[in-house]
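Q: Everything below, folded, please.
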Amino acid sequence: MSAILQRPSQTRAPATCRSYATFLGRTPCATSVYVNSNSKMSDSSDWKQGLSAAERYDNIQKIRKFLISNGSTAATNAQKVAFNAESEAYNNSESRDEYDAACNSAITSTSATSIDAPPSPPSSPGIRIGSYENCHEISTGAISHVYRSGIYALKVITETHQVEPHSPTREIAILKQLSHPSIISLHSTFHDQASRLVLVLPYMPMTLNDLLRKQGESLDSESTKRIFKDVFSGLEYLHAQQIIHRDISPGNILIPKNISSPDPVILADFGTAWHPTISTSTEPASKKCLEVGTTCYRAPETLFGNTAYITSLDLWSTGVLLAECLRSPPTPLLESRGGEEDGNQLGLILSMFKTLGTPNEETWPEAMKWRTNPFEWWNVFPAQSWEELLPGVGESERDLVSKLVVYESGNRLTAAEALKHTFFETQQE
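A: Numbers count the residues shown, from 1 in each chain. You can find the predicted model right below:
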């Protein structure tokens, strides 16, 4: 523990640091779709002894998640299919390498099939939701299930008690105020036969997550520029109204079936978005919820207790995502383990510090006033250069990422500034 943390003898450590001993006792797991293979048993005969039940469960959930998100398996059957795939990998592998490869294959083969080939017709006629026939479940979330019915996606709210920061009523109110080509539109709302609230949204068959998982190498330059020009355009529109999306991640960016088409890339899922008037009754501007964002795309200010964060939070997430798209093959810039919340946050913090360097009062001055600051508890890790982190990537691409993935939130480019960056100057029209 002392190799990682420096604890003053007279000061009580924050909760996240107190739980670090537990964190160190388990194998980190990256948040990319690929199963982490950092902990290999040198002797193939006893590799199964080094594989914990928690790791096996995490692998099952990874496979299940992508079966659902890629639309290759109904959500109701995905757990069983994922369990069988992991069990087959476990029983038939002679080493940890073979096991990891088999689990990865279960994910990548699913992804490639679902994107490259037209979706197979559903084996069942589906269900009726309100006046919408033939509805098939395509994903599940913390408070909702999403179904497809023709050209529409129906977000059915299954949790009757509000689970902050998720709020379907707030999401509806925010979406009703928005109108932009790169922002998801709300078609209508209604209550179904079971009195559940339903949001009717346009259905798009692919997310950026699907596209990244399909790629064996980085996205081509024009596709990357096309995607992120629309993402920054949507964020510029939101941020001009002081709206914070708070969950920029590949699964929330919808991609046209033909990336070369003029159809826009769309920012989706405003279930945790913050609005300066709609949200303040439960989340004042100075006391925003910290449990926002998805795993490795979370901004550092939320990990150290800054409840007064602003729109720059979205720019960190977008920069991390852009870096992932530029890497070959696409892999997350930062790592965040699955499992319990403390372990998830600690793993992400450690990954940030090892990748970008441990911050100090000069590089992150705003953090000095936070209740939990990042300066007392960690040994100093040197920053890796952007040339090391993004090998083979052009100078303008690296420069844009480096001006977004910045600890000090006020030093990050705004969405409007990002759109003027040289990275977009050579984009084909």
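Q: can we go C-alpha only for contacts and neighbour counts from here?
A: OK.
Q: I'd like the mean pLDDT over stretch 169-183, please.
A: Computed over stretch 169-183, the mean pLDDT rounds to 97.
Q: mind listing what's buried in it?
A: Of the residues in stretch 169-183, Arg170, Glu171, Ile172, Ile174, Leu175, Ser182, Ile183 count as buried by neighbour count, 16 or more other CA atoms under 10 Å.
Q: need those in a markdown table with distance to Phe270 and secondary structure, can you?
A: As requested, the buried residues of stretch 169-183 are arranged in a markdown table below (distance: CA to CA, whole Å; DSSP: H, G, I helix; E, B strand; the rest coil):
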| residue | distance to Phe270 | secondary structure |
| --- | --- | --- |
| Arg170 | 9 | helix |
| Glu171 | 5 | helix |
| Ile172 | 8 | helix |
| Ile174 | 8 | helix |
| Leu175 | 8 | helix |
| Ser182 | 13 | coil |
| Ile183 | 10 | strand |
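Q: where along the stretch 101-250 of the chain do the strands fall?
A: 127-129, 132-140, 144-149, 152-157, 188-191, 197-202, 206-207 (DSSP state E, counting those that start in this stretch).
Q: Quickly name whichever of the buried residues of stretch 169-183 is closest to Val81.
A: Glu171 (32.7 Å; CA to CA).
Q: got the domain boundaries for this structure?
A: Domains of the chain are assigned by automatic domain parsing as 28-116, 127-202, 206-424.
Q: Could you tell me the least trusted of the ones you listed?
A: Taking the mean pLDDT of these, domain 28-116 comes last: a mean of 64.
Q: Would you check which pair of the buried residues of stretch 169-183 lies furthest apart?
A: Once CA to CA is applied, these give Arg170 and Ser182 as the farthest pair, at 19.6 Å.
Q: hang on, the earlier thing: pick out whichever of the buried residues of stretch 169-183 sits closest to Gln162.
A: Out of the buried residues of stretch 169-183, the member with the shortest distance to Gln162 (by CA to CA) is Arg170, at 10.5 Å.
Q: Quick check: the gap between the closest one and Thr280.
A: 11 Å (CA to CA, to the nearest Å).
Q: Need the buried residues of stretch 169-183 in JSON lines (columns: distance to Ile310).
A: Rendered in JSON lines, the data for the buried residues of stretch 169-183 read as follows (distance: CA to CA, whole Å):
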{"residue": "Arg170", "distance to Ile310": "18"}
{"residue": "Glu171", "distance to Ile310": "18"}
{"residue": "Ile172", "distance to Ile310": "21"}
{"residue": "Ile174", "distance to Ile310": "17"}
{"residue": "Leu175", "distance to Ile310": "19"}
{"residue": "Ser182", "distance to Ile310": "21"}
{"residue": "Ile183", "distance to Ile310": "19"}
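Q: how many neighbours does Ser124 have?
A: Residue crowding around Ser124 was assessed by other CA atoms under 10 Å; the count is 9.
Q: actually Ser261, not the one I typed
A: So Ser261, with other CA under 10 Å, has 8 neighbours.
Q: Now do the helices in the stretch 151-300 of the chain.
A: 168-176, 208-214, 221-240 (DSSP state H, counting those that start in this stretch).
Q: Tell me which of these lies nearest to Glu417.
A: helix 221-240 (9.1 Å).
Q: from the chain's centre, how far out does that closest one sit?
A: 17 Å (CA atoms, centre = their mean, to the nearest Å).
Q: about what we covered before: could you dump the strands of the stretch 101-250 of the chain into JSON lines with distance to Ala268 and mean neighbour count added?
A: Output for the strands of the stretch 101-250 of the chain, formatted as JSON lines (distance: least, CA to CA, whole Å; neighbours: other CA atoms under 10 Å):
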{"stretch": "strand 127-129", "distance to Ala268": "22", "mean neighbour count": "16"}
{"stretch": "strand 132-140", "distance to Ala268": "14", "mean neighbour count": "19"}
{"stretch": "strand 144-149", "distance to Ala268": "13", "mean neighbour count": "21"}
{"stretch": "strand 152-157", "distance to Ala268": "12", "mean neighbour count": "22"}
{"stretch": "strand 188-191", "distance to Ala268": "15", "mean neighbour count": "14"}
{"stretch": "strand 197-202", "distance to Ala268": "10", "mean neighbour count": "20"}
{"stretch": "strand 206-207", "distance to Ala268": "10", "mean neighbour count": "22"}
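Q: Would you format these as a markdown table with distance to Ala240 included?
A: What follows is those, written out as a markdown table (distance: least, CA to CA, whole Å):
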| stretch | distance to Ala240 |
| --- | --- |
| strand 127-129 | 36 |
| strand 132-140 | 31 |
| strand 144-149 | 29 |
| strand 152-157 | 27 |
| strand 188-191 | 25 |
| strand 197-202 | 24 |
| strand 206-207 | 25 |
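Q: out of those, which comes closest to Thr355?
A: Once those are compared by CA to CA, strand 206-207 is nearest, at 26.9 Å.
Q: Quickly run through the sheet partners of that closest one, with directions.
A: Here strand 206-207 is paired, per DSSP bridges, with strand 253-255 (antiparallel).
Q: got the contact list for the partner strand?
A: 204-209, 227, 231, 264-268 (CA atoms under 8 Å, 6 or more residues apart in numbering).
Q: repeat that with 7 Å
A: Outside strand 253-255, the residues that touch it by CA atoms under 7 Å, 6 or more residues apart in numbering are Met204, Met206, Thr207, Leu208, Val265, Ile266, Leu267, Ala268.
Q: how far is whatever helix or strand Asn344 lives in from where the chain is centred?
A: Under the criterion of DSSP states H and E, Asn344 resides in helix 341-356. The chain centre lies 15 Å from the centre of helix 341-356; the measure is CA atoms, centre = their mean.
Q: ditto for stretch 248-264
A: 15 Å.
Q: For that stretch, buried residues please.
A: Buried residues in stretch 248-264 (16+ other CA under 10 Å): Ile248, Ser249, Pro250, Gly251, Asn252, Ile253, Leu254, Ile255, Pro256, Ile259, Pro264.
Q: what's the nearest residue to Met204 if we skip its chain neighbours?
A: Excluding the flanking residues, the one nearest Met204 by CA to CA, 6 or more residues apart in numbering is Leu254, at 6.5 Å.
Q: sorry, back to before: which one of the strands of the stretch 101-250 of the chain lies nearest to Asn306?
A: strand 144-149 (28.2 Å).
Q: Compute the inter-axis angle for the closest one and strand 152-157.
A: 160 degrees (axes from the mean of the first three to the mean of the last three CA atoms, to 10 degrees).
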